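only geometry, no sequence info:
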């Protein structure tokens, strides 16, 4: 367990750096472009290569590769596992190059399909140009995704987790530097995406060499391991496609709403992903190889304990994060985004979407744990079926709610409801299959986290009332927000300790031991 905590900490710290830079990036984007159509165009254009990256690289292949590679490494050893990795990499490179070529050719058709509304010819040409400019990013991101699967399976987590930091460095450089060299400044941001992708790829190479990976292209569809990967790959692609299409459907519907709606939802997702990405996704990334190992060894007791501990740990952070963003979302948006062309009215509209999106943080955090549990058992079909149900709920509810007074807030609410339904379905199947999920422990922990979050919300409410988040100076708003974060966190953690939360007791014990080890003995 200690090694998992350490690995999660490595991933979490790397992700925290990435998220901080990501926020800086979004601050610069908001200040430079605001919530106007140019920003909407860039976000949609960037989503398209990202969609394919998650389908064929970071998502489906990694999900399929890690359990099979782990099984091969344990049963057949280093040499055979290396051959499997080389063959998997060959297939991935071929698939990605084909997608890039098709993406360059059919960029106009893609934008007509995904952009969702008729714009001026100039805006449409810009969207097509940006899409073509950024599609090669998929090659670099694909290599990073393969490296993540390979390195994580071998217990190395730093370089894949740190690589998003370099992507954000590239994009920030694009906003601040490269944009000055283009007649249309947003092309500079697109160049930053490509530069960040190259930096990401270069970071992985020395660690791949250190872990004994040797580049060798070998196209072999008949290899038993490749056949296993392919059997999992189809459902995995479909499942991830449904999830990504959920996101795209939300953005497609948002383009039918007043200008800026896509950007409001984008900034909302950036804040929720900050919470999910720092610790909760980190837990999911770390436990997939370990769950795969336990599945190969058929150790059901350890598997169930790892799952229950992971869900409880995720909720330890997700519950207060959800409550804090709902209560203090406007102050956060005011400090982070409200400058330049991003007005207080934009902040209020973003907060409106954030309230409903925050309701789903708890359910999404559980999904980030429970879905890898199925993948580790080489079951990619069950998540597909539940994702299909989630997609239908999200699309239908989103369309209905966007035509109410909720407008763009209805789209984020639909996403939260869809996530909740998927969690319920997956939990029922997993409990029936394993019979060992400690529901009582998870439920008791959840209750403690809710009580502690309630105390935190009261403190946050009174402190945030001390500032006018539209007119007070930036320095004063930052000061009050920092005070809010410090006091709110202190109240939550102290409350968890008083309620004898297992997670808080564990971390308190680690802190005490660290202090004792550094205290000089008399």
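Good, I have the coordinates. Computed from a predicted structure; not experimentally measured.

where does residue 468 sit: helix, strand or coil?
Taken by DSSP: H, G, I helix; E, B strand; the rest coil, the conformation at residue 468 corresponds to coil.

these two touch, right, residue 187 and residue 193?
No. No contact is recorded between residue 187 and residue 193 when judged using Cβ atoms under 8 Å, the distance being 10.4 Å. For every residue, glycine as well, the C-beta is placed using N, CA and C.

check which residues of stretch 420-430 are buried.
The neighbour-count check on stretch 420-430 (16 or more other Cβ atoms under 10 Å) flags 420, 421, 422, 423, 425, 426, 427, 429, 430 as buried.

what average pLDDT does the longest helix anywhere in the chain get?
When the chain is parsed with DSSP state H, its longest helix is helix 300-337. Per-region confidence: helix 300-337 scores 88 on mean pLDDT.

so how far is residue 330 from residue 379?
Separation of residue 379 from residue 330 (Cβ to Cβ, to the nearest Å): 42 Å.

try residue 265
With distances taken as Cβ to Cβ, residue 265 is found 16 Å from residue 330.

the more surrounded of these two?
residue 265 (27 against 20; other Cβ atoms under 10 Å).

the more buried one is in what secondary structure piece?
Assigning secondary structure by DSSP states H and E places residue 265 in helix 261-275.

how far is that helix from where the chain is centred?
Using Cα atoms, centre = their mean, to the nearest Å, we find the averaged C-alpha position of helix 261-275 to lie 11 Å away from the chain's own average C-alpha position.

so for that helix, what's the average pLDDT?
Mean pLDDT, helix 261-275: 82.

now it and helix 300-337, what's the angle there?
130 degrees (axes from the mean of the first three to the mean of the last three Cα atoms, to 10 degrees).

pretty sure residue 355 sits against residue 409.
Yes. Between residue 355 and residue 409 there is a contact at 7.0 Å, judged by Cβ under 8 Å.

when those two are compared, which one has more neighbours?
More crowded of residue 355 and residue 409, by other Cβ under 10 Å: residue 409, with 24 against 18.

host element of the more buried one?
Secondary structure assignment for residue 409, by DSSP H and E: helix 408-434.

next secondary structure element downstream of that helix?
helix 439-464.

quick check: buried residues in that next one?
For helix 439-464, the buried set under the neighbour-count rule, 16+ other Cβ under 10 Å, comprises 442, 445-446, 448-449, 451-453, 455-457, 459-460, 463-464.

also stretch 496-505?
By 16+ other Cβ under 10 Å, the buried positions in stretch 496-505 come out as 496, 499, 501, 502, 503, 504.

can those residues go into TSV with extra columns for secondary structure?
As requested, these are arranged in TSV below (three-state DSSP):
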residue	secondary structure
496	helix
499	coil
501	coil
502	helix
503	helix
504	helix
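
neighbours around residue 214, how many?
Other residues lying near residue 214 total 9 when counted by other Cβ under 10 Å.

ok, the one 10 residues further on next?
Burial of residue 224, expressed as a neighbour count using other Cβ under 10 Å, amounts to 12.

could you do residue 79 as well?
A count of neighbours around residue 79, defined by other Cβ under 10 Å, yields 9.

torsion angles phi and psi at residue 105?
Here is the backbone geometry of residue 105 (degrees, to the nearest 10): phi -70, psi -40.

gap between it and residue 134?
From residue 105 over to residue 134 (counting by Cβ to Cβ), the distance is 15 Å.

more neighbours, these two?
Neighbours around residue 105 and residue 134, counted as other Cβ under 10 Å, are more numerous at residue 134. The numbers are 26 against 11.

my guess is that one meets residue 191, correct?
No. Using Cβ under 8 Å, residue 134 is not in contact with residue 191, being 9.0 Å away.

about what we covered before: just name the closest of the buried residues of stretch 420-430 to residue 339, please.
Proximity of these to residue 339, judged by Cβ to Cβ, is greatest for residue 420, which lies at 34.9 Å.

list the contacts for the closest one?
The contact partners of residue 420, by Cβ atoms under 8 Å, 6 or more residues apart in numbering, come to 360, 363.

what does the one 10 residues further on give?
Remark: with contacts taken as Cβ under 8 Å, 6+ apart, residue 430 is in contact with 307, 370, 373, 374, 437.

next, give me the two most distant ones among those.
With Cβ to Cβ as the measure, no two of the contacts of residue 430 lie farther apart than 374 and 437, at 12.9 Å.

coming back round to it: show me what the very next helix or strand once past the longest helix of the chain is in contact with.
Elements were assigned by DSSP H and E; along the chain past helix 300-337, the next helix or strand is helix 344-359. Around helix 344-359, the neighbours that count as contacts under Cβ under 8 Å, 6+ apart are 34-35, 260, 263-265, 267-269, 271-272, 321-322, 325-326, 329-330, 333-334, 337-338, 406, 408-413, 415-416, 469-470.

swap the cut-off to 7 Å and go again
Taking contacts as Cβ atoms under 7 Å, 6 or more residues apart in numbering, the residues outside helix 344-359 that touch it are 35, 260, 264-265, 267-268, 271-272, 322, 325-326, 329-330, 333-334, 337-338, 408-409, 412-413, 415-416, 470.

what count of nearby residues applies to residue 382?
19.

what's near enough to touch it?
By Cβ under 7 Å, 6+ apart, residue 382 lies in contact with 374, 426, 429.

for it, helix, strand, or coil?
Classification of residue 382 into helix, strand or coil gives helix, according to three-state DSSP.

show the pLDDT at it.
Turning to residue 382, the model gives it a pLDDT of 88.

residue contacts, the closest residue to residue 377 other than its chain neighbours?
For residue 377, the nearest residue in space outside its immediate sequence neighbours is residue 295; the separation is 5.2 Å by Cβ to Cβ, 6 or more residues apart in numbering. Contacts of residue 295 were listed using Cβ under 7 Å, 6+ apart, and they are 303, 376, 377.

give me the distance between residue 295 and residue 265.
Computed as Cβ to Cβ, the residue 295 to residue 265 distance reads 37 Å.

what about the stretch 51-200 of the chain, any weak spots by pLDDT?
For the stretch 51-200 of the chain, the stretches flagged by pLDDT under 70 are 54-62, 114-119.

hmm, try it at 90
Along the stretch 51-200 of the chain, the model assigns pLDDT under 90 to residues 51-79, 88-89, 91-96, 99, 103, 107-128, 141-165, 175, 178-186.

which one's more surrounded, residue 187 and residue 193?
Ranked by neighbour count (other Cβ under 10 Å), residue 187 and residue 193 place residue 193 first, with 24 against 20.

so what touches whichever strand or helix holds the more buried one?
Counting by DSSP H and E, the element that carries residue 193 is helix 186-210. Outside of helix 186-210, the residues within contact range by Cβ under 7 Å, 6+ apart are 33, 38, 42, 46, 130, 133-134, 136-137, 140-141, 143-144, 147, 150-151, 156, 159, 162-163, 166-175, 178-182.

before we move on, the earlier item: helix, strand or coil for the residue nearest to residue 377?
Per three-state DSSP, the secondary structure class of residue 295 is helix.

what's the distance between it and residue 441?
Per Cβ to Cβ, residue 295 is found 21 Å from residue 441.

do residue 136 as well
48 Å.

nearest to residue 250 among the contacts of residue 382?
When the contacts of residue 382 are compared for distance to residue 250 (Cβ to Cβ), residue 426 comes out closest, at 21.1 Å.

what's the local residue count around residue 353?
By other Cβ under 10 Å, 28 other residues sit near residue 353.

and the gap between it and residue 394?
With distances defined as Cβ to Cβ, the gap from residue 353 to residue 394 amounts to 15 Å.

just residue 253 next, same as before
Taking Cβ to Cβ as the measure, residue 253 falls 10 Å from residue 394.

who has more neighbours out of the two?
Higher neighbour count among residue 253 and residue 394: residue 394, with 27 against 24, using other Cβ under 10 Å.
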